[in-house]
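Novice: Generate coordinates for the sequence data below:
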Amino acid sequence: MNSARSPLKPSSALAARRLRILSSRRVSSLFAGEYRSAFRGRGIEFEEVREYQPGDDIRAIDWNVTARSGRPFVKQFVEEREMTVMLLLDQSPSLDYLAPRGAKSRVAAEICALLAFAAVRSNDRVGLLTFSDRIERYLPPAKGPRHAQRLIAEMQRPPEGSGTDLAGALNTLERVQRRASILIMISDFLAADFRLPLIAAARRHDVVAVSLTDPLDGQLPEVGLVRVADPETGHRRLIDSRDARVRAAYHRHAAARQAELDQLFAATGVEHVRIATDTPPVHALTSFFRGRQRRLCR
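Specialist: Sure, this is the predicted structure:
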């Protein structure tokens, strides 16, 4: 785990400042309220007693206070709001390729920043674990705007790894985050088998998978001969995008991969939301919050 804190490059520092300003502005009262409704506290705690009023649940009557005062009193409880949110951010090279609408890494960073500010505004603790084929950064959960700003700055530090080890990141999280939390994974999920670590994480945490997509992920443009390269393995190949069979195979592979992810998340009880690079993350997250709130109220 990388604990060294090398200075941010000027370009990275500027990017962090822009992201911090943009995200803090977009985390409006409405957005923060939707976040609070979607992620509720894990229990209730006693607050006070008050006089019984018609319509109160008689099961809430505090019989000791009632007996002493000669009048009925009921116990009042409030939601135990404070929660811990852990952001698991994929920083592997596959998120960095330049698509027409921008790199997935940019969208991933904005999603993390929005969630961090929403958590801070709700007085929740928020932590960060970034990974590639190794653990890049780990910031233990904490509160406050300054912590959110540090979290955003750490996201701008370039990764050292060149692959994707989501299973290793989940295993590391289980060791460092023993307390039950809201675990939000932001990734394209182009990773080797991570089913077992995901099952273990879902047993302890409330897990949400944010899958980053691009409109071109499922289609191969017809532009002739193209030399393609895997940014994580370096493997190169020449393909003919004019060949209908090649394009059809590309589409089938992308669709099969999406179906496999859907099945995995459904089987493990993990909520799954897709956010595309051509969709403002704040809108996609708000829509997800509202949908989750409706599901919780059923």
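Novice: Now do the SS call for S287.
Specialist: At S287 the chain is in helix, as set by DSSP: H, G, I helix; E, B strand; the rest coil.
Novice: That one: how many residues sit nearby?
Specialist: Residues within reach of S287, counting by other C-beta atoms under 10 Å, total 14. (C-beta placed from N, C-alpha, C; glycine too.)
Novice: who's in contact with it?
Specialist: Shown in contact with S287 (C-beta atoms under 8 Å, 6 or more residues apart in numbering): no residues.
Novice: how close does it get to D56?
Specialist: Per C-beta to C-beta, to the nearest Å, S287 is found 37 Å from D56.
Novice: A201 - that's part of a helix, no?
Specialist: Yes. Assigned with three-state DSSP, A201 falls within a helix.
Novice: From the chain's centroid, how far away is the helix or strand where L114 lies?
Specialist: According to DSSP states H and E, L114 maps onto helix 104-121. The chain centre lies 8 Å from the centre of helix 104-121; the measure is C-alpha atoms, centre = their mean, to the nearest Å.
Novice: Check stretch 268-284 too.
Specialist: 9 Å.
Novice: do stretch 187-206 as well
Specialist: Offset of stretch 187-206 from its chain centre (C-alpha atoms, centre = their mean): 13 Å.
Novice: try stretch 94-112
Specialist: Using C-alpha atoms, centre = their mean, the offset of stretch 94-112 from its chain centre is 15 Å.
Novice: Which stretches in the stretch 101-250 of the chain count as helices?
Specialist: With DSSP state H, counting those that start in this stretch as the criterion, the stretch 101-250 of the chain has helices at 104-121, 145-155, 166-176, 195-204, 244-268.
Novice: closest one to S187 among the ones you listed?
Specialist: Comparison of the helices of the stretch 101-250 of the chain against S187 by C-beta to C-beta identifies helix 166-176 as nearest, at 6.5 Å.
Novice: still on that earlier bit, let me know the average pLDDT across the helix holding L114.
Specialist: Across helix 104-121, pLDDT averages out at 91.
Novice: any low-confidence regions in this structure?
Specialist: The chain contains residues with pLDDT under 70 at 1-26, 41-47, 77-81, 98-102, 229-232, 234, 297-298.
Novice: ok, which stretches of it are strands?
Specialist: Secondary structure of the chain, counting by DSSP state E: strands at 44-51, 73-79, 84-90, 125-131, 135-142, 182-187, 206-213, 225-229, 236-240, 271-276.
Novice: Throw the ones you listed into a markdown table and include distance to N171, thanks.
Specialist: Putting the strands of the chain into a markdown table (distance: least, C-beta to C-beta, whole Å) gives the following:
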| stretch | distance to N171 |
| --- | --- |
| strand 44-51 | 33 |
| strand 73-79 | 32 |
| strand 84-90 | 12 |
| strand 125-131 | 11 |
| strand 135-142 | 10 |
| strand 182-187 | 13 |
| strand 206-213 | 14 |
| strand 225-229 | 29 |
| strand 236-240 | 32 |
| strand 271-276 | 21 |
